[in-house]
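**Student:** Mind looking at a prediction? Sequence and model below.
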Amino acid sequence: MEKTFPRDVFLYLLSIITLVTVAVAFGILLYQYIDLKFPDLLTEGYYWSKTASLDLVRNSMAVLMVVFPVFIWISWFLRKDVVKHPEKRELKIRRWLLYLTLFLASLVIIGDLVALLINFLNGELTNRFALKVLAVLFIAGSIFAHYFSELRDKAFSWMGIFDKALMALVVAGVVAGFWIAGSPAQQRSIRFDERRVSDLSNIQYQVINYWQRKQLLPQNTQQLNDSISGFVPPKDPETGVDYEYRTTGPMSFEICAVFATANSDEFSGKNTAMPVYYGGEPSNWSHGAGMTCFERIIDPDFYPPINDKNIVPRPIY
């Protein structure tokens, strides 16, 4: 018995850590599914974004895909070991660690319920609150049912079916994540498109700055090269070709890129011309898959020309 004692302590401690990790990750996964299905109009666009929620989905999926199989294996091994050595059922260290598991899981559940209640008192009177409470109660009930059965002399006869149902539910949650958050290949395409939007935004800024200083638009992006600031017009990160740029008027221009995905549910084929501003409403970068052009109109009231009269000299130290 003493020879296996260190191994038992290690396995039960690892069981505790993996259980709490799985409970938190699965709870976050359920929370994000609820937020995506029932977005709160009060916080949407300010304190919540779909991109951030999908990032949490992917992070939770990664944790579950690694930690959950470890937890299942440890639980199976410990249960098999107790069946093989029934005297271990009465080990004090085993019961202490099982109770410690329930204690830590209780702290996590209590913390989640307190956070949910705070949101409720702050005015979250939506279906999201009720669904999240049910999710927490389901996770808590599953943990307590599983470990209370371990503390009994004999496990409940239905615990085998119950454990398999929980395993199937976690697996279904991870699989649903691939459908909601997208495959790795699709996510890579989205990241390429985000880089394209960032490049176009940078080019747009340089074009406007060029117009402010020279009161005319550049005829091509090569005129934006600046050896002092180090700016070089970016190229498409995937194909390496130049982004399309053309002037459409004395104070209007168009920049284009070929996108792999769409970042808007509604896309009309080409964005309408719109003015660009310094700090107010952001420029519209919604796009569909394929070639997309963004026409911009410079408003001199928002972007006044820069000349010697309105340049503020830098102090000399």
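**Tutor:** Arrived safely.
**Student:** Determine the set of other helices and strands touching the host helix or strand of Tyr205.
**Tutor:** Taking DSSP states H and E as the criterion, Tyr205 maps to helix 184-214. Helix 184-214 is packed against strand 252-259, strand 290-298, with contacts defined by 3 or more C-beta pairs under 8 Å, 6 or more residues apart in numbering; DSSP states H and E. Bear in mind the C-beta positions are built from the backbone N, C-alpha and C, glycine included.
**Student:** Mind listing what's buried along the last one?
**Tutor:** Pointing back at strand 290-298 there. By 16 or more other C-beta atoms under 10 Å, the buried positions in strand 290-298 come out as Thr292, Cys293, Phe294, Glu295, Arg296, Ile298.
**Student:** Measure how it sits relative to helix 184-214, angle-wise.
**Tutor:** 30 degrees (axes from the mean of the first three to the mean of the last three C-alpha atoms, to 10 degrees).
**Student:** between strand 290-298 and strand 252-259, what angle do the directions make?
**Tutor:** Using the same axes, to 10 degrees: strand 290-298 against strand 252-259 is 160 degrees.
**Student:** Tell me which strands strand 290-298 pairs with, and in which orientation.
**Tutor:** strand 252-259 (antiparallel), strand 274-276 (parallel) (DSSP bridges).
**Student:** of all those, which gets the most neighbours per residue?
**Tutor:** Ranked by mean neighbour count, those are led by strand 252-259 with a mean of 18 (mean count of other C-beta atoms under 10 Å).
**Student:** and that one, how far from the chain's centre?
**Tutor:** 28 Å (C-alpha atoms, centre = their mean, to the nearest Å).
**Student:** Dump that strand to PDB, keeping only the CA atoms.
**Tutor:** Backbone C-alpha positions of strand 252-259 (Å, rounded to 0.1, in the frame of the first residue of the first chain) are rendered in PDB as follows:
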ATOM      1  CA  SER A 252     -12.200  61.000 -53.800                       C
ATOM      2  CA  PHE A 253     -10.400  57.700 -54.200                       C
ATOM      3  CA  GLU A 254     -11.000  54.000 -54.200                       C
ATOM      4  CA  ILE A 255      -8.900  51.100 -52.700                       C
ATOM      5  CA  CYS A 256      -9.600  47.500 -53.400                       C
ATOM      6  CA  ALA A 257      -8.600  44.000 -52.200                       C
ATOM      7  CA  VAL A 258      -9.600  40.400 -52.900                       C
ATOM      8  CA  PHE A 259     -11.000  38.900 -49.700                       C
END
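**Student:** which one of the strands paired with strand 290-298 lies closest to Leu100?
**Tutor:** Nearest to Leu100, of all those, is strand 252-259, at 51.8 Å by C-beta to C-beta.
**Student:** What's the mean pLDDT across the closest one?
**Tutor:** Per-residue pLDDT over strand 252-259 has a mean of 94.
**Student:** try stretch 66-82
**Tutor:** The average pLDDT for stretch 66-82 rounds to 86.
**Student:** Give me the buried positions along that stretch.
**Tutor:** Those would be Val67, Phe68, Phe71, Ile72, Ile74, Ser75, Leu78, Val82, for stretch 66-82 by 16+ other C-beta under 10 Å.
**Student:** Could you report the distance from the last one to Ala105?
**Tutor:** Spatial separation of Val82 from Ala105 under the definition C-beta to C-beta, to the nearest Å is 20 Å.
**Student:** for Lys37, same thing?
**Tutor:** 26 Å.
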